[in-house]
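S.K.: sequence and predicted model, in that order:
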Protein chains: 2
Amino acid sequence: MNEARPTENAIRPTRRENYAEWYQQVIRAADLAEVSPVRGCMVIKPWGYAIWENMQRVLDGMFKATGHQNAYFPLFIPLSYLEREAAHVEGFAKECAVVTHHRLEPGPDGRLVPAAPLEEPLVVRPTSETIIGETYSRWVQSYRDLPILINQWANVVRWEMRTRLFLRTTEFLWQEGHTVHATREEAVAETLRMLDVYATFAEQFLAMPVIQGEKTPEERFPGAVDTYAIEAMMQDHKALQAGTSHFLGQNFARGCNIKFLDANGRETLAWTTSWGVSTRLVGALLMTHSDDDGLVLPPRIAPVQVVILPIFRTDAERAEVLASCRALVAALAEQRFGDGPIQAEIDARDVRGGEKLWQHVKRGVPIRLEIGPRDLAAGTVAMGRRDRPVREKVAVARDEFVAHVPEWLAEMQAGLLARARTFREERTRRIDRLEDFEAFFTAADEREISGGFALCHYAVEHGAAAADAVLKRLKVTARCLPLGAEPEAGTCLFSGRPSARRVLFARAY
Amino acid sequence: MNEARPTENAIRPTRRENYAEWYQQVIRAADLAEVSPVRGCMVIKPWGYAIWENMQRVLDGMFKATGHQNAYFPLFIPLSYLEREAAHVEGFAKECAVVTHHRLEPGPDGRLVPAAPLEEPLVVRPTSETIIGETYSRWVQSYRDLPILINQWANVVRWEMRTRLFLRTTEFLWQEGHTVHATREEAVAETLRMLDVYATFAEQFLAMPVIQGEKTPEERFPGAVDTYAIEAMMQDHKALQAGTSHFLGQNFARGCNIKFLDANGRETLAWTTSWGVSTRLVGALLMTHSDDDGLVLPPRIAPVQVVILPIFRTDAERAEVLASCRALVAALAEQRFGDGPIQAEIDARDVRGGEKLWQHVKRGVPIRLEIGPRDLAAGTVAMGRRDRPVREKVAVARDEFVAHVPEWLAEMQAGLLARARTFREERTRRIDRLEDFEAFFTAADEREISGGFALCHYAVEHGAAAADAVLKRLKVTARCLPLGAEPEAGTCLFSGRPSARRVLFARAY
């Protein structure tokens, strides 16, 4: 969103030149991840993984604060289990990696080949409703055993034909919450509570504004009664579904036989939910804030908030400058930001100064400090902020820096959220005529990108057939029915039928 | 090790009656894990997972403090990669789960069957040297890229024929460190450094004394030049290998083509290491300390150090007692123990008092407090400690409890370690005659268990053939060549050849 002219060190191509390629190049320049030789799987590199670890730590705390515990369930799902919920298996069958053998032995040509076929093939979990449901059916006997509120951090595999780092990979890391309740009301409340946890996390930590909404029937999780999602707008105006929470009704309880005796001794089917976010969030984070200079990290999710770049020529200078840098790291560790101390790091590698500085720009570190002998003498530091142009360096008294840095970081965090919110609001339209809808998704704006978020009346039950051709042509989908919107009488944009609320339309990842 | 007579609530069978079954029953009573319907895979339940999370948190901090970063590599390994190191693939071929298809489609009878065969089968990682090695070969160009110090937290799969919860399961959770170095010396130093990290962790956090040693050639990791391990003694006198660290020499660098240009511009093969601990540690922890009343957790690894059991009859009492318990939790949270606040929990469930108290005994919570209206009036708490008999309750002034609890927890921690160390030392013998060796491993002691740790001269290179029959008959193996032992001239117990050091023998898990 920083539209200043690209510097000589900028990411090539820029967002405007080729957004999709810019995305890959930001990942590369920030050293977040790379394509692995295993089809569709990625290697998450240390900087990318550190961001994911921070996401995990914060979310894990939020899950525990809402009464959830972690557990771990098997990677493999017997094929027959997956079949217990008809829509579910239908939805995932085409994406399943299947283990069929449990041994390798030399074949006729001496090369190893799979031997020892399994009696029943095992699917590598694409999601765990059925294997966890089977387990819960043994845990739940009485209403006293409910609710069950469990989360799992795990890897899952969905065989994708077209993959993109973080956004869509064959294997990805995620968390999946799976809960069981005695009543429909409780399960619905849990579904919405966790959606809200995701929205809070996205806004407060990722500085990524999201719209909470209900998915249309076509976009539901296979087997769910209702799917809710948080949707964010990326800088190419596309929507990205950043987390989902599913009210599963009694579908999986029926398939997996999760029953309990209620307080009156009656056998009752339970109600279940599931909810998840994944390493996809790293891609969403990237596309929300990054610019043509590379990654931009909101301070509350950055693995390092302050990087210190010592400058020296002689050994004597080196010793003096490094000692001073270390004292600064210690002073910063005494300052709190968010729920912990400020993470500062010294980069004393023997790399040319300009190159080193740019590495940290591209990795998105919120604050860069250069400290040399002159700064020592003057009691100052030269500060660069990732939310300001790279060339803008400000000399700040060292003590003032230590005292004010939590406030500056909080200001950056708030600034990123506000900027992303403004960006989204500028590209969100209430549209009531089909020709305006077409124009919105075809006419390029001043950034040469069309579309955005369109809020339109849509009779979900009847409009789908009427909307189908237009949406396909424009490559637009109904993202969600935003929660909390005031009921509003209108006419379906596509079918002309009466409609009681607006639906969010966008192109989507 | 608490040999007091079993109470009516004790684990049945006791350790003495049937140790293997006692182990399963402690897991069940403590609600740590259960066998899943997926062959050989376990479900780790919340209490078991919370212990594993604590292990992860501490180890992760130790890895980072020694300069390592986390990353994540693919779950799947193309078969041809696994073949890059001959001994390695030989060692793991029989245990590999193999993905051969990536799609399910309805078969002739309408049931789903694997469709879309893969061009090359994918092995579900049993360990990741080859897939990580392939990645490193692309990352390493120059000596400036070294060392690479990376760790991965992951699940791995080894198809085991006989499984036991935590000790040997088809899927397990672990961490695997994989490092690359420019010189042999550096790689050896890393191997030993991480072995020492494991030993420190085992002793300081798990209160589990371990012997650091080098494995004999037969017990080496497939593909390693040297394998080092930490070995602990369980209460049935068997050894349990609780962590391993491998010096891989240039074997995997050669197989995976990890080369670098040294400072003189010469192309050089790199040196690599790998090291890991797994959820097996939970089993080791259990068997080191638990007794016939159930699990015993050292305070530094317990998810909860203090459980508070409120006692009340009327609603008024309930309100008053609970308020007081909450205030106590808050006061305890102000007290530090180890690297964090004291974790205290109130169990206000509507469960009969005796049953509830026993649940926490069996789950191994270090300190139990009962608080009722009389305690409120007297300003006391009724304290029970997991390292004392269950019936022993001590009335302590509430303020005194808050002030002294860190000290008492530290005392318990040290006491458990000392007790385990004494137990091991009492069952460790230096043995110099074959008949004594046989007697040691056959004559039952006062606990009706034979064996222990035998330190014997053994000419590793030549003794193996001579020792084979005896060791097989006794079901004993050479566990390791303990590090740090003084060289000592002697005669191999089995071959009669000269020997320069003693080797540790034991039955093992």
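M.R.: That came through fine.

S.K.: how many other residues sit next to the closest residue to chain B within the stretch 151-300 of chain A?
M.R.: Nearest to chain B, among the residues of the stretch 151-300 of chain A, is residue A:159, at 4.3 Å (CB to the nearest CB). Placement of C-beta: from N, CA and C, glycine included. Residue A:159: 23 surrounding residues under other CB atoms under 10 Å in any protein chain shown.

S.K.: so it touches residue B:101, yeah?
M.R.: No: contact between residue A:159 and residue B:101 fails when scored by CB atoms under 8 Å: they sit 9.4 Å apart.

S.K.: show the contacting residues for the residue of the stretch 151-300 of chain A closest to chain B.
M.R.: A:40, A:94, A:95, A:96, A:97, A:170, B:102, B:103 (CB atoms under 8 Å, 6 or more residues apart in numbering or on different chains).

S.K.: can you check residue A:495 too?
M.R.: Contacts of residue A:495 (CB under 8 Å, 6+ apart): A:459, A:462, A:463, A:465, A:466, A:467.

S.K.: going through the residues you listed, which ones are buried?
M.R.: With burial judged by 16 or more other CB atoms under 10 Å in any protein chain shown, the buried subset of the contacts of residue A:495 is A:459, A:462, A:463, A:466, A:467.

S.K.: pull the longest strand from chain A.
M.R.: strand A:112-124 (DSSP state E).

S.K.: does chain B sit close to that strand?
M.R.: Yes: remark: strand A:112-124 sits within contact range of chain B at A:112, A:113, A:114, A:121, A:122, A:123, A:124, by CB under 8 Å from any CB of the partner chain.

S.K.: can you pick the most crowded of these?
M.R.: residue A:123 (28 neighbours).

S.K.: that one against residue A:94, yeah?
M.R.: No: the pair residue A:123 and residue A:94 does not pass the contact test of CB under 8 Å, sitting 11.9 Å apart.

S.K.: joint contacts of those two?
M.R.: Going by CB under 8 Å, 6+ apart, residues that sit against residue A:123 and also against residue A:94 are residue B:104.

S.K.: tell me who's in contact with residue A:445.
M.R.: Contacts of residue A:445 (CB under 8 Å, 6+ apart): residue A:427.

S.K.: what touches both of residue A:159 and residue B:101?
M.R.: Common neighbours of residue A:159 and residue B:101, using CB under 8 Å, 6+ apart, are residue A:97.

S.K.: mind listing the strands for the stretch 151-300 of chain A?
M.R.: Per DSSP state E, counting those that start in this stretch, the stretch 151-300 of chain A carries strands over the ranges A:171-181, A:211-214, A:226-233, A:239-247, A:259-261, A:267-269, A:271-278.

S.K.: where is the longest helix in chain A?
M.R.: helix A:398-426 (DSSP state H).

S.K.: what angle separates it from strand A:239-247?
M.R.: 80 degrees (axes from the mean of the first three to the mean of the last three CA atoms, to 10 degrees).

S.K.: just list what helix A:398-426 packs against, helices and strands only.
M.R.: Applying 3 or more CB pairs under 8 Å, 6 or more residues apart in numbering or on different chains; DSSP states H and E, one finds that helix A:398-426 makes contact with strand A:226-233, helix A:280-289, helix A:315-333, strand A:336-337, strand A:367-371, strand A:380-385.

S.K.: make sure residue A:480 is indeed in a strand.
M.R.: Yes: with DSSP: H, G, I helix; E, B strand; the rest coil as the criterion, residue A:480 is assigned to a strand.

S.K.: how about it, what does it touch?
M.R.: A:211, A:212, A:213, A:214, A:215, A:216, A:219, A:228, A:229, A:231, A:503, A:504.

S.K.: so which of these wins on neighbours?
M.R.: Sorting those by how many neighbours each has (other CB under 10 Å) puts residue A:228 first, at 28 neighbours.

S.K.: got the contact list for the helix or strand of chain A with the lowest mean pLDDT?
M.R.: Within chain A, no helix or strand scores below helix A:460-474, which has a mean of 87 by mean pLDDT, DSSP states H and E. For helix A:460-474, contacts defined as CB under 8 Å, 6+ apart pick out A:216-218, A:434, A:437-438, A:441-442, A:458, A:476-478, A:481, A:492-497, A:499, A:503, A:505, A:507.

S.K.: using CSV, list the CA coordinates for it.
M.R.: Coordinates of each C-alpha in helix A:460-474 appear next as CSV, following Å, rounded to 0.1, in the frame of the first residue of the first chain:
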residue,chain,number,x,y,z
VAL,A,460,-29.3,-17.7,-1.4
GLU,A,461,-31.9,-20.5,-1.8
HIS,A,462,-33.1,-19.4,-5.3
GLY,A,463,-30.4,-17.1,-6.6
ALA,A,464,-27.6,-19.7,-7.1
ALA,A,465,-28.8,-20.9,-10.5
ALA,A,466,-29.5,-17.4,-11.7
ALA,A,467,-26.2,-16.2,-10.5
ASP,A,468,-24.1,-19.1,-11.8
ALA,A,469,-23.2,-17.9,-15.3
VAL,A,470,-22.4,-14.3,-14.3
LEU,A,471,-20.3,-15.4,-11.3
LYS,A,472,-18.4,-18.0,-13.3
ARG,A,473,-17.6,-15.5,-16.1
LEU,A,474,-16.4,-12.9,-13.6
